[in-house]
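In: predicted model and sequence below, questions to follow.
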Amino acid sequence: MTDFQSLGLSETLLRAVKSEGYTTPTPVQEQSIPPLLEGRDVLGVAQTGTGKTAAFALPVLQIMSRKQPQGKRFIRALILSPTRELAAQIDERFAAYSDHMDVRHRVIFGGVNQNPQVRALQKGLDILVATPGRLLDLIGQGHIDLGRVEFFVLDEADRMLDMGFIRDIEKVIKLLPKKRQNLLFSATMPKSIAKLAGSFLNNAVMVDVSPKELTVDRIQQKIMFLRKADKRRLLVQLIKDERVQRGIVFTRTKHGANRLVKQLDQSNISAAAIHGNKSQGARTKALAGFKDGTIPILVATDIASRGIDVDGITHVFNYDLPNEPESYVHRIGRTARAGRSGIAYAFCDDSESGYLVGIQQLIGKEIPVESSHPFHFIGAIPKPGQKAGKIKEKSGTKKRPRDNNRNQQSRGNSQSGSRPQQNNRSGGGRNNNSRSQRQGDSRQRRD
Ligand code: AMP
């Protein structure tokens, strides 16, 4: 397995990576970092959650540290991002990775007072992370000179185009020096992106870690229909019957994860929860126990699971089906790593059948049904023609609080850079997604 050392990163950056708790490069890092360090352009098909920020931030920092300019700082790296949230998150990653370096970075976006941004620009910056609207505004006002940019990153290019930023991007590119290194990331690769990529990338190395690649045949997938109230019993039964030594259980909410750990404990199954409300210490401890085999079951939410990179996971349990179809692909990709095989169970209750429809649309096939278990419930099977993404709510039942949790979770997602409103390959949730995207769009355009 590749480690960060073999990618050619400097000691300073290796230290930064280590202090972030990363042990193994993600596929997009493994494939992008070496060519970027060699000065090549890269075209990456990868979405948020794959570790793509580090894939470009680490080489940018390393290349910049090779020659430290004397005197006033000028912008040497420009990262364009479609949304404020993502821009802020990228800048925060630069802060983390450049902790031991003499680098000035700053994020600028619309919708907030420009004066602090202008002051930071006047003091001089090495790295600028920006949304297109505010960037062009400040360029127009004479506060930004892109004439010495060495490194240009266009992140989430498909979303940029969906949000109507193509003209802005073209304007920005015209202001960059001819000789520079380029990187374009996009979750999808429609013709429009390929055309854009062709217009400014030079002999780029293509890196593709798109989700469809992750649904490898080695993962045996099974869907089990049941009532919500029976999920815990079925999980316990499967863990015991299959003598699971290293399995990961996904819940939709943090609270659900905590509760499940307690319930498993009552059934004499040792488990630990890992999610955003846990302290770093608790997370590290849970992961260490999981890795050394003392804790066979990890119960995780989607966001927390991103940092989990453990080999030898034999079972993935989708205890709650994810409301984002892409999360299913990420989840099941936790098993069957490094050439091994794995099994991914998905539990679907009658409120989740719409999520299943969305997942199956995304992965382009039906997940085989496992009905030979004591809790099989036909009421949870999607109805013919059922639309993706809808939850069947029973009026008068106590579903609301859980629904609220779900919303909180998806807000959390968006803060952490996941992309609830991403335009994706799923037919599922597409209506919802594109609606929120348009909302994001108009908000962004007003910036
Ligand atoms: P990104 O796709 O860049 O938004 O990254 C998603 C999350 O993965 C972030 O929270 C990163 O801190 C984390 N991450 C990035 N690289 C690694 C790695 N090699 N190992 C574990 N976590 C990582």
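Out: Received, thanks.
In: drop to CA atoms for contacts and neighbour counts, all remaining ones
Out: Noted.
In: for the ligand, see how far away the spatially closest residue to residue 4 that is not a sequence neighbour is.
Out: Spatial nearest neighbour of residue 4, excluding adjacent residues (C-alpha to C-alpha, 6 or more residues apart in numbering): residue 25 at 6.0 Å. Distance of residue 25 to the ligand, given as C-alpha to the nearest ligand atom, to the nearest Å: 4 Å.
In: shift numbering so it begins at 4
Out: In the new count, where the first residue is 4, that last one comes out as residue 28.
In: what sits against residue 28?
Out: By C-alpha atoms under 8 Å, 6 or more residues apart in numbering, the contact set of residue 28 is 5, 6, 7.
In: any idea which of those has the most stuff around it?
Out: Tallying neighbours with other C-alpha atoms under 10 Å puts residue 7 at the head of the contacts of residue 28, with 20 neighbours.
In: just checking, it touches residue 27?
Out: Yes. Between residue 7 and residue 27 there is a contact under C-alpha atoms under 8 Å: 6.4 Å.
In: with adjacent residues omitted, what lies nearest to residue 280?
Out: residue 257 (7.3 Å).
In: the one you found: neighbour count?
Out: Neighbours of residue 257 (other C-alpha under 10 Å): 24.
In: who are the neighbours in contact with it?
Out: Listed by C-alpha under 8 Å, 6+ apart, the contact set of residue 257 reads 278, 279, 280, 303, 304.
In: quick one: pLDDT of the third one?
Out: Residue-level confidence at residue 280 comes out at 79, pLDDT.
In: give me the neighbour count for it.
Out: 12.
In: ok so residue 167 is a helix residue?
Out: No. Counting by DSSP: H, G, I helix; E, B strand; the rest coil, residue 167 is not part of a helix but coil.
In: measure it to the ligand for me?
Out: Going from residue 167 to the ligand by C-alpha to the nearest ligand atom gives 22 Å.
In: how about the residues of the protein by the ligand?
Out: Residues of the chain lying close to the ligand by C-alpha under 6 Å from any ligand atom are 25-29, 51-57, 309-310, 420.
In: hmm, back to that, three-state assignment of the residue nearest to residue 7?
Out: Taking three-state DSSP, the label given to residue 28 is coil.
In: ok, residue 330 next?
Out: When classified by three-state DSSP, residue 330 comes out as helix.
In: ok, now which ones touch it?
Out: Residues near residue 330 by C-alpha under 8 Å, 6+ apart: residue 305.
In: helix or strand for residue 73, which one?
Out: Element membership for residue 73, per DSSP states H and E: none, as it lies in no helix or strand.
In: for it, give its distance to residue 304.
Out: Using C-alpha to C-alpha, to the nearest Å, one gets 46 Å for the distance from residue 73 to residue 304.
In: more neighbours: the two, which one.
Out: residue 304 (25 against 6).
In: hang on, the more buried one packs against residue 260?
Out: Yes. In terms of C-alpha under 8 Å, residue 304 counts as a neighbour of residue 260; the distance is 7.1 Å.
In: how near is residue 106 to the ligand?
Out: 19 Å.
In: any weak-confidence spans in the chain?
Out: By pLDDT under 70, the weakly predicted segments of the chain are 4, 214-220, 283, 306-312, 339-343, 393-450.
In: can you list the domain ranges for it.
Out: The chain resolves into domains spanning 8-214, 218-383 when parsed by automatic domain parsing.
In: want to try CSV for the ones you listed, with distance to residue 391 as columns?
Out: Formatted as CSV, these follow (distance: least, C-alpha to C-alpha, whole Å):
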stretch, distance to residue 391
domain 8-214, 19
domain 218-383, 5
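In: which one, of these, ends up nearest to residue 389?
Out: Each of these has some distance to residue 389 by C-alpha to C-alpha; the shortest is domain 218-383, at 6.8 Å.
In: where do the helices sit along the stretch 204-353 of the chain?
Out: Along the stretch 204-353 of the chain, the segments classed as helices by DSSP state H, counting those that start in this stretch run 234-244, 257-269, 283-295, 305-308, 328-335.
In: tell me the most buried of those helices?
Out: Most buried of these by mean neighbour count (mean count of other C-alpha atoms under 10 Å) is helix 328-335; its value is a mean of 22.
In: and that helix, how far out from the chain middle?
Out: In this view, helix 328-335 has its centroid 10 Å away from the chain centroid, taken as C-alpha atoms, centre = their mean, to the nearest Å.
In: could you do stretch 371-387 as well?
Out: With C-alpha atoms, centre = their mean as the basis, stretch 371-387 stands 31 Å off its chain's centre.
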